[in-house]
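S.K.: Everything below, folded, please.
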Amino acid sequence: MAKVYYVGDWAVMLGPVFAETPFNYSHKGTEIFNYGKWLKAAIESTGEHEVTSVPTWDFYRLGPGELEQVLDEYDVLVFSDVEAKNFQLAPQFFDRSKFGKQPLTFPDRVRLTVEAVQAGTHAMFLGGWLSFNGEMGKGGWGRTGLKEILPVTCLDVEDLRESTEGFTGSTLTENHPILADVDLANIPPILGYNIVKPREDCEVLATWKGTDDPLMAVGQFGHGKVLAYTSDPAPHWGCNFVYWEDYQRFWAQAIDWLVADSHAAHTTS
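M.R.: I've put the predicted structure just below:
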């Protein structure tokens, strides 16, 4: 059984906000959305894999040594709508006075993630407004060392392509295990994706129909396999996708492929 650590696709809604007078504005409601529930269920649908779904804010607040424990315990990492700042910053930096006068630093999460993949941990990087380069460059993956383990090349500018009519896919490699009995031409309308470029020595398995933009690409970096899917596995871009009849098969087979013949199985002490 593969253990999957899935970061992202949670949100908190505060409101709505009522302006009851010119001087009084009241938030009336708090709701937590777990948009990752569909991907978690899909990966676990075969009974062969176990997913821990983590809000981005919990990943951000991991203390020194805790990410190292995650990287040692889990076989697959999933990042979806997790901008680079969650790797590059720590909350303690913004409350510096609590920690005395000694220099305050933390282990580099980008370096730890890259080294873990090269050593045999596998990964999926999934799309969204805060993925790849993202909205107004907020994703920032290509500006960090994460670019070393991405099977695509990020743009240097905002990379979102969106449409209320949606996009569908075109399969380039029909015999790949991830796409066995999966026809991306039948994918329901996807409402947006991140534009990326193919990367040398990596394989583009599918493109967005009518374009050369990669929909999905894979690569090997050291001992770790990596998959990039350039749209969101969850709403809003994926609000139709999550109800696709092949959604569970597609993601379960993606994890199967990542961990197949793995020589870097992790054990929990």
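S.K.: Need the pLDDT of E245.
M.R.: We have a pLDDT of 96 for E245.
S.K.: Next: the one 10 residues further on.
M.R.: I255 carries a pLDDT score of 98 in this model.
S.K.: Which elements pack onto the helix or strand encompassing it?
M.R.: Assigned by DSSP states H and E, I255 belongs to helix 247-259. On a contact count with 3 or more C-beta pairs under 8 Å, 6 or more residues apart in numbering; DSSP states H and E, helix 247-259 meets strand 2-8, helix 37-44, strand 76-80, strand 122-126, strand 224-229. Placement of C-beta: from N, CA and C, glycine included.
S.K.: Now render those as CSV, adding mean neighbour count.
M.R.: As requested, the helices and strands packed on helix 247-259 are exported to CSV (neighbours: other C-beta atoms under 10 Å):
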stretch, mean neighbour count
strand 2-8, 22
helix 37-44, 21
strand 76-80, 26
strand 122-126, 25
strand 224-229, 24
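S.K.: which stretch among those comes nearest V110?
M.R.: Nearest to V110, of all those, is strand 76-80, at 11.5 Å by C-beta to C-beta.
S.K.: List the buried residues for the helix or strand following that closest one?
M.R.: Note on strand 76-80: by DSSP H and E, the next helix or strand toward the C-terminus is helix 85-88. Of the residues in helix 85-88, N86, F87 count as buried by neighbour count, 16 or more other C-beta atoms under 10 Å.
S.K.: Now tell me what touches the helix or strand just after helix 85-88 from outside.
M.R.: The helix or strand immediately downstream of helix 85-88 is helix 109-119, counting by DSSP H and E. Applying C-beta atoms under 8 Å, 6 or more residues apart in numbering, the contact partners of helix 109-119 are 67-68, 71, 77, 84, 86-88, 123, 144-146, 148-149, 221-224, 226, 264.
S.K.: Same question for stretch 58-68.
M.R.: Outside stretch 58-68, the residues that touch it by C-beta under 8 Å, 6+ apart are 7-8, 70, 82, 86, 89-91, 106-107, 109, 112-113.
S.K.: Which of the residues you listed has the largest number of neighbours?
M.R.: Counting neighbours by other C-beta atoms under 10 Å, G8 leads the contacts of stretch 58-68 with 27 neighbours.
S.K.: Low-confidence ranges, the stretch 51-200 of the chain, go.
M.R.: When residues are selected by pLDDT under 70, none of them lie in the stretch 51-200 of the chain.
S.K.: just to revisit the earlier point, could you dump the helices and strands packed on helix 247-259 into TSV with distance to G100 added?
M.R.: Shown next, in TSV, are those (distance: least, C-beta to C-beta, whole Å):
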stretch	distance to G100
strand 2-8	30
helix 37-44	40
strand 76-80	33
strand 122-126	36
strand 224-229	38
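S.K.: Thanks a lot, catch you later.
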